[in-house]
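> what follows is a predicted protein model with its sequence.
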Amino acid sequence: MKNNKFFLCTLWGFIFTLSSCVNHTPPESYGPVPKASQMKWHKMEYYMFVHFGPNTFTDVEWGDGKENPKVFNPANLDCRQWAEIARNAGMKGIILTVKHHDGFCLWPSQYSTHTVRESLWKDGKGDVLKEFVAACKEYGLEYGVYVSPWDRNHPAYGTPEYNRIYANTLAEIYQNYDGANMFEQWFDGANGEGPNGKKQEYDWTLFEQTSYEANPNMILFSDIGPDCRWIGNEKGIAGETNWARLNTAGFGRGHDAPANEVLNTGEMDGQHWIPAEADVSIRPGWFYSPFTDDKVKTVNQLMDIYFTSVGRNANLLLNVPPNREGRIASVDSLRLMEFKKARENTFAENLAVNATISVSEVRGNAKGFSGKNLTDNDYDSYWTTNDATQTAWVEVDLNEPKTFNLLLLQEYIPLGQRIAGFRVDFWNVSTNEWNSLLEATTIGYKRILRFPAVTTNKIRIDIQKSLACPVLNNIELYNAPHSL
C-alpha cells in the first residue's frame, strides 16, 4: 500500500511538473515578425534627416544637375555641431543625404564628376561624408545615408550601364565610410526628368544585394521596404490604424508603389514585416533657405507630429537642414531643444507606475505572464492569455483618483502585431459606473492616445479584436500640459 501511495504521489508530482512547464510556454509568434535589426530600429523611435548640397545655395528643392559644383562652398561646415544638437535633442541617429536627385556627391566619388572635389570648398579636398561619420561616432549616434538613385547629372543615367555605376557608388560608400556599421540606407523611387526626360529601369535586386553584402543588418528604406516603408506623406502623419505589415507582391517603388493610403495604414494581412517611417521637415522645404527662417515649425506642431508618428507605431525622421555656413541655424536648434523639453514635461510622471493591475485571464495562470508585467519597465516581460482567447481586458487601478489625458500602450512585437480593435473605459467616480473614453484599432510597437482630461481611479482596456492571443508589455498614463 505504501508503495502504491508513493507511486501515486510521484505520478501526480510528475503530472503537475509537466503541466507547469506547458503553462509557462510562451505563445508562438503570429504572422511576420521583426528581425533583430528591425527591433533595434523600432526602439530608436526618433532621429534626424539632413538635406545638404548645392540646393542649399540655390534656393531650389530639386536641382537639375546642371548647377556649377563651385556653388557648394559652406563657410564654416561643422558636422560635430549637427551631431551635438541631435544628441542633445534626444535623437538617436542621423541620416545624411549624400547624393540628391541633382547627382552632386558630398564625397569625392570616383564614379561622378559632380562632387565636392569639383567645388570651391576646401579647394576641392573636402569630404562631408567623412566628417559626418566621424562626428556621429564621436557623439554616440547611429548614422545612415540617403543616396538618390535618380541622377540628373550623370551621362549614363537612363541606360543599363547606370545600374552598375549606382551599385558601385553604394559599394564605394560602404567600403570607405564604415558601411558595416550604418544603421539605415535610404532609397526612394524617384525616376526620370519629366514626360520627355530620361527614365531608368532600376535594378533593385542588385542595389539591395550590394547593401546587404556590406551590412546584413542595415535597414533598407523605400516605398515598400524591404525593412521599413514610407508613410505615404511628408507631413509626419501615420494612420490611426497602422500595421507594421505589408504585401509587396506585384508592387515596386515610386509610381509602382501601393497607394499612399495603403502605405499610411499598412495591411492587417500583410505577409512581410515592413514598419513605417514618417519623414517630415522642420521647415517648409527639405533644404535650407533664408526665406524660411521665420517658418520653422512650432513646438506644438512638432508635438502633434510626434503623437501622429511615434504615437502611431511609426518612427519619426525629422529633417533639420544646415544653412549656407554648413551649420544648423540657431532657430532650428532652439526649436529642437524646446521640443525635447516639451516631451520631457509631457512624460515626466507615469501615473500607472504603482497601479494595481487586474486582467481577465493569465496564460496558464503563470506568474511569468501576469498583469504585473505591464508596469515593470521591462520590455521583454509581457502579459498574455491562453491561445484560444482573442478578447480580453486589463483594468488599471490607480488606488486614488488621478487626472490624466494620455494613454501609452505597447504590444510585444517580437511575437507579431496582433491587436486590431480595443476600447478604453474609465470609472466614473460620481455615478459609480464605467464610461467610454475612446475606441481605437492598432497598437504595435507603441501607441499614444490623447483625449480630454479625465479624473478617475480606474481605467479598463477592453481588447475586442485580436488576430491571436493578445500580448501587451507596457501601459503608461500621463497628464500632459493642457496646451498640447
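Received it, and whenever you're ready, just let me know what you need. No experiment lies behind these values; they were computed from the predicted model shown.
> from now on I want contacts and neighbour counts done on CA atoms only, so please keep to that.
Noted.
> surely Y166 is in a helix?
Yes. Y166 forms part of a helix when assessed by DSSP: H, G, I helix; E, B strand; the rest coil.
> now do the contacts for the residue positioned nearest the centre of the chain.
Geometric centre of the chain, nearest residue: N315, 1.9 Å, by Cα atoms, centre = their mean. By Cα atoms under 8 Å, 6 or more residues apart in numbering, N315 lies in contact with H42, M44, E45, Y46, A276, E277, A278, S309.
> do the same with V320
Contacts of V320 (Cα under 8 Å, 6+ apart): M48, F49, V50, H51, S281, I282, R283, W286, I328, D332.
> tell me the one of the residues you listed nearest E84?
I328 (10.5 Å; Cα to Cα).
> the closest one: neighbour count?
21 (other Cα atoms under 10 Å).
> isn't it up against P321?
Yes. Contact criterion Cα atoms under 8 Å: I328 and P321 qualify, at 6.5 Å.
> can you confirm P452 is in a strand?
Yes. P452 sits within a strand when classified using three-state DSSP.
> nearest residue to it other than its sequence neighbours?
Excluding its sequence neighbours, the residue lying closest to P452 (Cα to Cα, 6 or more residues apart in numbering) is N405, at 5.8 Å.
> hang on, the one you found packs against P481?
No. Using Cα under 8 Å, N405 is not in contact with P481; the gap is 9.1 Å.
> who has more neighbours out of the two?
The residue with more neighbours, out of N405 and P481, is N405; 17 against 12, by other Cα under 10 Å.
> centre of the chain to the helix or strand where that one lies, how far?
Here N405 sits within strand 392-411, counting by DSSP states H and E. A distance of 25 Å separates the centroid of the chain from that of strand 392-411, by Cα atoms, centre = their mean, to the nearest Å.
> just checking, what packs against that strand?
strand 356-359, strand 447-466, strand 471-478 (3 or more Cα pairs under 8 Å, 6 or more residues apart in numbering; DSSP states H and E).
> which strands or helices does the last one pack on?
So that's strand 471-478. By 3+ Cα pairs under 8 Å, 6+ apart, strand 471-478 packs against strand 383-384, strand 392-411.
> could I get those as JSON lines with distance to L263?
As requested, the helices and strands packed on strand 471-478 are exported to JSON lines (distance: least, Cα to Cα, whole Å):
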{"stretch": "strand 383-384", "distance to L263": "29"}
{"stretch": "strand 392-411", "distance to L263": "21"}
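> redo these as TSV? Include mean pLDDT and distance to N345.
Converted to TSV, the helices and strands packed on strand 471-478 look like this (pLDDT from 0 to 100; distance: least, Cα to Cα, whole Å):
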stretch	mean pLDDT	distance to N345
strand 383-384	98	29
strand 392-411	98	13
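> for beta bridges, what are the partners of K402?
On the basis of DSSP bridges, K402 is bridged to T456.
> returning to that earlier point: okay, and which of the contacts of V320 map to strands?
Among those, the members found in strands (DSSP state E) are M48, F49, V50, H51, S281.
> which non-adjacent residue is nearest L374?
Using Cα to Cα, 6+ apart, the closest residue to L374 is N474 (4.4 Å).
> go ahead and confirm that neighbour touches N373.
Yes. Taking Cα under 8 Å as the definition, N474 is a contact partner of N373 at 7.4 Å.
> more crowded one of the two?
For N474 versus N373, the count of surrounding residues by other Cα under 10 Å is larger for N474: 25 against 22.
> that one and I448, how far apart?
11 Å (Cα to Cα, to the nearest Å).
> what sits in contact with each of these two?
Common neighbours of N474 and I448 (criterion: Cα under 8 Å, 6+ apart): L408, L409.
> ramachandran coordinates for C105?
Torsion angles at C105 (phi, psi; degrees, to the nearest 10) stand at phi -100, psi 130.
> list the contacts of it.
V98, K99, S112, H114, T115, V116.
> any idea how far the first one is from Q185?
The gap separating V98 from Q185 is 11 Å, by Cα to Cα.
> between these two, what contacts are shared?
Joint contacts of V98 and Q185 (Cα under 8 Å, 6+ apart) are V145, Y146, V147.
> among those residues, which one has the most neighbours?
V145 (25 neighbours).
> any idea what that one is bridged to?
L96, Q185.
> surely it touches T97?
Yes. V145 lies in contact with T97 (Cα under 8 Å); the separation is 5.8 Å.
> mind checking the SS state of D102?
D102 - assigned by three-state DSSP - is coil.
> for K372, that is, sorry about that
helix.
> now it: closest residue in space, sequence neighbours ignored.
Leaving aside its sequence neighbours, K372 sits nearest to I357 (Cα to Cα, 6+ apart; 6.2 Å).
> hmm, that neighbour is touching D376, no?
No. Counting by Cα under 8 Å, I357 sits too far from D376 to count as a contact (11.2 Å).
> the more surrounded of these two?
Set side by side, I357 and D376 show more neighbours around I357, with 19 against 15, by other Cα under 10 Å.
> quickly list what the more buried one is bridged to.
Beta-bridge partners, per DSSP bridges, of I357: V396.
> and for R447?
Under the criterion used (DSSP bridges), R447 bridges to R312, L409.
> okay, it: pLDDT?
Per-residue pLDDT puts R447 at 98.
> would you list every one of the helices in the stretch 301-450 of the chain?
Ranges of helices in the stretch 301-450 of the chain, per DSSP state H, counting those that start in this stretch, are 330-346.
> low-confidence stretches in the chain?
Scanning the chain for pLDDT under 70 picks out 1-23, 194-196, 482-484.
> can you list the domain ranges for it.
Here the domain assignment for the chain is 36-346, 356-478, based on automatic domain parsing.
> returning to that earlier point: most neighbours, which of the contacts of V320?
That'd be M48 among those, by other Cα under 10 Å, with 28 neighbours.
> pretty sure it is touching A86, no?
Yes. If you go by Cα under 8 Å, M48 and A86 touch, sitting 6.8 Å apart.
> okay, and the common contacts of those two?
By Cα under 8 Å, 6+ apart, the residues touching both M48 and A86 are K92, G93, I94.
> ok, the first one - how many residues close by?
Spelled out, that is K92. If you count neighbours by other Cα under 10 Å, K92 ends up with 21.
> could you measure from it over to A86?
8 Å.
> same question, G225
Taken as Cα to Cα, the span from G225 to A86 is 25 Å.
> what separation do you get for Y478 and T403?
Distance from Y478 to T403, by Cα to Cα: 8 Å.
> more neighbours: those two, which one.
Neighbour count, other Cα under 10 Å: between Y478 and T403, Y478 has more, with 22 against 15.
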